[in-house]
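Asks: Structure, please.
(one chain, ligands or ions: 2)
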Amino acid sequence: MDTALLIEEVRLTPILIADPPLLNTQGVHQPYTPRLVVEVVTRGGVTGIGETYGDGKYLELAEPLAAAVAGRPVSDLNGLFALADEVCADSRAADERVDAGGLRGVQTADKLRLSVVSGFEVACLDALGKSLGLPVHALLGGKVRDTVEYSAYLFYRWAEHPDGGERDDWGAAVDPAGVVAQARRFAREYGFSAFKLKGGVFPPDEEIAAVRALAEAFPDQPLRLDPNGAWSVETSLYVAEQLKDVLEYLEDPASGTELMAAVAAGTDVPLATNMCVTTLAEVPEAFARDAVQVILSDHHYWGGLHRTRELAGICRTFGVGLSMHSNTHLGISLAAMTHVAATVPNLDYACDSHYPWQTEDVITTRHVFEDGRLTVSDAPGLGVELDRERLAVLHRRWLDDDGTMRERDDAAAMRKAEPQWRTPSIPRW
Ligand SMILES: O=C([O-])C(=O)C[C@H](O)[C@@H](O)C(=O)[O-]
Ligand SMILES: [Mg+2]
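Replies: Ligands and ions are numbered 1, 2, ... in the order given. Below you'll find the predicted structure:
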């Protein structure tokens, strides 16, 4: 083994990044949201970068793993998973609560650990690629496409946060006209031609009207609606019936495999999920019951880029569609998503990305969408460079925070506007 490929050091930098007041069924995004940047430095002097969720429970698991990987080869990714099993065993995080108010699906100890390891895996792949002069997609077997298509992620939103934070120039979108205006800007500035509306915010008839308005504005273009499991089976079937002629798929209309299976049995509209199938353990029942027709993979949940490819193989075997979910993320994760997406033959739909909502980044050159697509980089590693000054500024913000923003809490943010607000019980409608 070339000692230049051994890990000398891992640096973990928690940061807070600006997030607009985007609404979902749990509440509204806080002005800042936590992310964790992982740097893996090799003895050869190469630094690889990765990114994952930054809430405290992820940090707690990342710290012992960072200490334990020193001295191991960056290429030993299977060993990384085994090591994580050993050193990230117990913590306050290891209970079975749902994560981020339920938006990230179940929260098992395994899934939390995999989300942490994903940041390390991507950083190791970046370091390995840079050391060998190969792009990450080559380390995953090679790209099968030169560009990856993304969708516009439309949100109901306010013009500004009730309690400050950065203000952007998107304005409010709380009705069909606002949603269409937002979609037009996404189409104009980024070239997106598939549109997903985050629903579960307003009563279903209002969201049906918004999707109908989108269908009129963008005839025959792929449309999706995602209420994050906020509806009953009956409501889900009602919405599916109303929108069956315009929806590409309905995303997590109801919560959990059992209810999703009941919805799937009553409609021909395909159902997608990033909530009821987010771990391998959830696959057999969901596939056996035909509860979901599209899995929205998220390399953070599934444990990185190799594991995402394994999931793609499972979906291929069972004839289930595959695309990608996104949560608030930066340019490092977008680069990682693009590399893995480039290698998966059965990537059937335009992938989600929050990236246009993120005005702050930690890479020196931001990604640019053209015709709704990103070009797959052939530069060594991920093809992005860390902006250390920006990283320091965003870390300083994290250090200065009194703890309020260090854990994502959309219900707490909503209480700034509506003091009585409690996370709605499901089904909400
Ligand atoms: O597709 C999804 O369900 C998501 O992207 C979950 C996210 O947490 C989204 O709801 C958000 O950021 O509000
Ligand atoms: Mg979703």
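Asks: So, low pLDDT: which residues of the stretch 101-250 of the chain?
Replies: 101-102 (pLDDT under 70).
Asks: which parts of it sit against ligand 1?
Replies: Applying CB under 6 Å from any ligand atom, we find that the stretch 101-250 of the chain lies next to ligand 1 at Leu103, Lys198, Asp226, Asn228. From N, CA and C alone the C-beta is placed, and that goes for glycine too.
Asks: now the second one, which residues is it bridged with?
Replies: Read it as Lys198. Phe155, Asp226 (DSSP bridges).
Asks: quick one, what contacts it?
Replies: When contacts are counted by CB atoms under 8 Å, 6 or more residues apart in numbering, Lys198 touches Leu22, Leu23, Asn24, Tyr153, Leu154, Phe155, Tyr156, Asp226, Asn228.
Asks: ok, it to ligand 2 distance?
Replies: Distance, Lys198 to ligand 2, by CB to the ion, to the nearest Å: 8 Å.
Asks: now do the third one
Replies: Asp226 sits 4 Å away from ligand 2, taking CB to the ion as the criterion.
Asks: do the first one as well
Replies: Here the criterion is CB to the ion. By it, Leu103 lies 8 Å from ligand 2.
Asks: Nearest residue to that residue in space, please, no chain neighbours.
Replies: Leaving aside its sequence neighbours, Leu103 sits nearest to Asn228 (CB to CB, 6 or more residues apart in numbering; 5.7 Å).
Asks: in terms of contact, does that neighbour touch Arg104 like I think?
Replies: No - using CB atoms under 8 Å, Asn228 makes no contact with Arg104, being 9.9 Å away.
Asks: Find residues that contact each of these two.
Replies: Joint contacts of Asn228 and Arg104 (CB under 8 Å, 6+ apart) are Met275.
Asks: for the stretch 201-350 of the chain, what spans make up the strands?
Replies: For the stretch 201-350 of the chain, the strands defined by DSSP state E, counting those that start in this stretch cover 223-226, 247-251, 271-273, 294-297, 321-324.
Asks: you'd agree Val180 is in a strand?
Replies: No - going by DSSP: H, G, I helix; E, B strand; the rest coil, the assignment for Val180 is helix, not a strand.
Asks: What about it, how many residues nearby?
Replies: 19 (other CB atoms under 10 Å).
Asks: quick one: contacts for it?
Replies: So Val180 contacts Ala210, Ala213, Leu214, Ala217 (CB under 8 Å, 6+ apart).
Asks: and the residue nearest to Ala68 when sequence neighbours are not counted, what are its phi and psi?
Replies: For Ala68, ignoring the flanking residues on the chain, the nearest one in space by CB to CB, 6+ apart is Val87 at 4.6 Å. Main-chain torsions, Val87, degrees, to the nearest 10: phi -90, psi -20.
Asks: My guess is Val87 contacts Leu65. True?
Replies: Yes - the pair Val87 / Leu65 is scored as a contact, 5.7 Å apart, by CB under 8 Å.
Asks: will you turn the residues of the stretch 101-250 of the chain next to ligand 1 into JSON lines that also has distance to Ser353?
Replies: Below are those laid out as JSON lines (distance: CB to CB, whole Å):
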{"residue": "Leu103", "distance to Ser353": "16"}
{"residue": "Lys198", "distance to Ser353": "13"}
{"residue": "Asp226", "distance to Ser353": "14"}
{"residue": "Asn228", "distance to Ser353": "17"}
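Asks: Next, Phe120: secondary structure please.
Replies: Per three-state DSSP, Phe120 ends up helix.
Asks: Surely it is in contact with Ile7?
Replies: No - Phe120 lies out of contact with Ile7 (CB under 8 Å); the separation is 9.6 Å.
Asks: Of those two, give the one with the bigger neighbour count.
Replies: Neighbours around Phe120 and Ile7, counted as other CB under 10 Å, are more numerous at Phe120. The numbers are 28 against 23.
Asks: tell me the contacts of that one?
Replies: Applying CB under 8 Å, 6+ apart, the residues near Phe120 are Val10, Val38, Val40, Gly50, Ala62, Leu65, Ala66, Val69, Leu80, Ala84.
Asks: residue boundaries of the helices in the chain?
Replies: 56-69, 77-87, 109-132, 136-139, 176-190, 204-217, 233-243, 257-266, 283-288, 299-302, 305-318, 331-343, 388-400, 410-415 (DSSP state H).
Asks: Check this structure and tell me which residue is nearest its centre.
Replies: Among the residues of the chain, the one closest to the centroid is Ser326, at 2.3 Å (CA atoms, centre = their mean).
Asks: any idea how far Gly165 is from Lys416?
Replies: Per CB to CB, to the nearest Å, Gly165 is found 10 Å from Lys416.
Asks: can I see the domain layout of the chain?
Replies: 3-133+387-401, 138-375 (automatic domain parsing).
Asks: Can you get me the start-to-end distance on the first one?
Replies: In this case it means domain 3-133+387-401. 40 Å (CA to CA, to the nearest Å).
Asks: cool, the last one as well?
Replies: The first residue of domain 138-375 is 15 Å away from its last residue (CA to CA).
Asks: show me which of the contacts of Phe120 neighbour ligand 2.
Replies: By CB under 5 Å from the ion, no member of those lies near ligand 2.
Asks: Mind putting the helices of the chain into a markdown table with distance to Val376?
Replies: As requested, these are arranged in a markdown table below (distance: least, CB to CB, whole Å):
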| stretch | distance to Val376 |
| --- | --- |
| helix 56-69 | 28 |
| helix 77-87 | 21 |
| helix 109-132 | 13 |
| helix 136-139 | 6 |
| helix 176-190 | 17 |
| helix 204-217 | 29 |
| helix 233-243 | 33 |
| helix 257-266 | 33 |
| helix 283-288 | 28 |
| helix 299-302 | 15 |
| helix 305-318 | 13 |
| helix 331-343 | 4 |
| helix 388-400 | 24 |
| helix 410-415 | 33 |
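Asks: Alright, calling it a day.
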